[in-house]
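Participant: For reference, the sequence and a predicted model appear below.
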Amino acid sequence: MLPEVEAWLRRRTSSSSDWPLPWLLRAKGDSTVSVVLPARDEAETVGEIVTAIRRDLMEDAPLVDEIVVIDSRSVDETAARAAQAGARVVAQDEILPDLKPLDGKGEALWKSLAVTSGDLLVFVDADLREFRTSFVTGLLGPLLDDPGVVYVKGCYDRPLQNVQSGGGRVTELVARPLLNLHWPQLAGFVQPLAGEYAGRRSVLERIPFVTGYGVELALLVDLLELAGLDALAQVDLGRRVHSHQSTEALGGMAAQILQTSWSRLERHNKMVSLHTPSPRLAQFRRGASGHHVTVRDVAVAERPPMITVDERRRRTGD
C-alpha cells in the first residue's frame, strides 16, 4: 500500500460512534441536509428506514431537513409506504422529463440532485434491514468536521449466510483488484461499492454520474481526480444487513463495473484503447435440454454534471 494511503487511512477513517448527535447539531450551523433513498420494489424495508430517520433526526433532533425517496419504477407499494412514513416521493421519470429516461441506480442518484435542496446529501440504499440512524449521523460527521472533506463512504461488515464478511463478492472479486491495479490511491477504501455515502452538493454537481451499477466506482475515481485523496473519507458503520442477489445478477453488476472502469481509464489517460469493449454479456442456465444462453446489454450510460443542466430544466413535472 502506498505510504500516502497508509497516512490517509489514519487521518480520514473514523467510526460512527466518533460523531455524537449533540456535536453534529452544533456543527451543522446553517448547513442543510437531504437524505436520499433510491428505491425500486423495496416496499418491505423502505418505510422502516424513512420512519427511523424522520423520528430520530427530524422530530427528536433537527439534523435532517428533508427525506426524498426516488422511486425507480416500482411495481409494488414502495412509493405508498415511503410517503406514509413521511418521505417526499418523486418518480424517477418525472424528474427532468424532457430528457430521455435511462435505467439504473445511478440515474436515480443523479436525478435526486435536481429535486433536493440540501447543502449536504446522504445516500442510503432502501433495502437495508436492521437499519440504524447512525448510518446517517456517521456519514455526516467528517463533512461537518472539516470543510476540506467533500465525500464520505460508509464501510461495514456484510454478513452472508452467517459468515460475518461473506458479502461483497463483487467488491472482492472485481472492484478491489481494479482499484489496486489502476487507482492505488483508492486502495484504502474498505467498501468501495458501498451504497451508503454522503457528499457536498457543490462537488457532486460537478461530476458525471454513470447510470448503472458502476456509479459507486465512478464516483470514487472521478472525485479522486477532481478533489484529491485527502478530500475523501470513510466511516465504519458497523454491520450492514440486506437482501443478497444471485450470482447471475452479480455477474451483470460486475460487467457494468468493468465497463465503467474502462471508460475512466480512457478518460484519465491511463490507457490507449485499441478496440471498443463489447456491451453484451452471455450467461448460461441449465435447463431440461441442456444449457440455455441469455444475452443482455451491459453498456454503461452516463449523465453529465448536474451543474451543466440548465436551471429551467430542473422541474419534476408536477
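Facilitator: Noted; the coordinates are in hand.

Participant: so how far is residue 140 from residue 156?
Facilitator: Distance of residue 156 to residue 140, computed by Cβ to Cβ, to the nearest Å: 16 Å. Where C-beta positions appear, they are placed from N, C-alpha and C, glycine not excepted.

Participant: Between these two, which is the more surrounded one?
Facilitator: With neighbours defined as other Cβ atoms under 10 Å, residue 156 and residue 140 compare such that residue 140 has more, 27 against 22.

Participant: thought the more buried one was touching residue 19?
Facilitator: Yes: here residue 140 reaches residue 19: they are 7.0 Å apart, a contact under Cβ atoms under 8 Å.

Participant: Just grab the bridge partners of residue 284 for me.
Facilitator: On the basis of DSSP bridges, residue 284 is bridged to residue 293.

Participant: how about residue 39, what does it touch?
Facilitator: Residue 39 sits next to 46, 69, 70, 71, 72, 74, 78, 82, 108, 126 when contact means Cβ atoms under 8 Å, 6 or more residues apart in numbering.

Participant: for residue 116, same thing?
Facilitator: Contacts of residue 116 (Cβ under 8 Å, 6+ apart): 34, 36, 66, 68.

Participant: If we only consider those residues, which is nearest to residue 240?
Facilitator: Taking Cβ to Cβ as the measure, residue 240 sits nearest to residue 36 out of the contacts of residue 116, at 17.4 Å.

Participant: Local confidence estimate at the closest one?
Facilitator: pLDDT for residue 36: 98.

Participant: do residue 288 as well
Facilitator: With respect to pLDDT, residue 288 scores 90.

Participant: Could you check how far it is from residue 275?
Facilitator: Taking Cβ to Cβ, one finds residue 288 at 38 Å from residue 275.

Participant: which regions of the stretch 201-318 of the chain lie under the pLDDT threshold?
Facilitator: Within the stretch 201-318 of the chain, the stretches with pLDDT under 70 are 242-244, 311-318.

Participant: ranges for the strands of it?
Facilitator: Applying DSSP state E, counting those that start in this stretch to the stretch 201-318 of the chain gives strands spanning 209-210, 232-239, 241-242, 280-287, 290-297, 302-303.

Participant: out of the ones you listed, nearest to residue 40?
Facilitator: So among these, strand 241-242 is nearest, using Cβ to Cβ, at 13.6 Å.

Participant: Tell me how far residue 64 lies from residue 285.
Facilitator: Using Cβ to Cβ, one obtains 44 Å as the distance from residue 64 to residue 285.

Participant: Which residue ranges of this protein form helices?
Facilitator: Secondary structure of the chain (DSSP state H): helices at 3-12, 21-28, 46-54, 78-85, 105-115, 134-145, 169-170, 176-182, 201-204, 215-227, 247-267.

Participant: now what about the fourth one, what contacts it?
Facilitator: Residues external to helix 78-85 that are found in contact with it (Cβ under 8 Å, 6+ apart): 37, 39-43, 46-48, 50-51, 54, 69, 71, 89, 91, 126.
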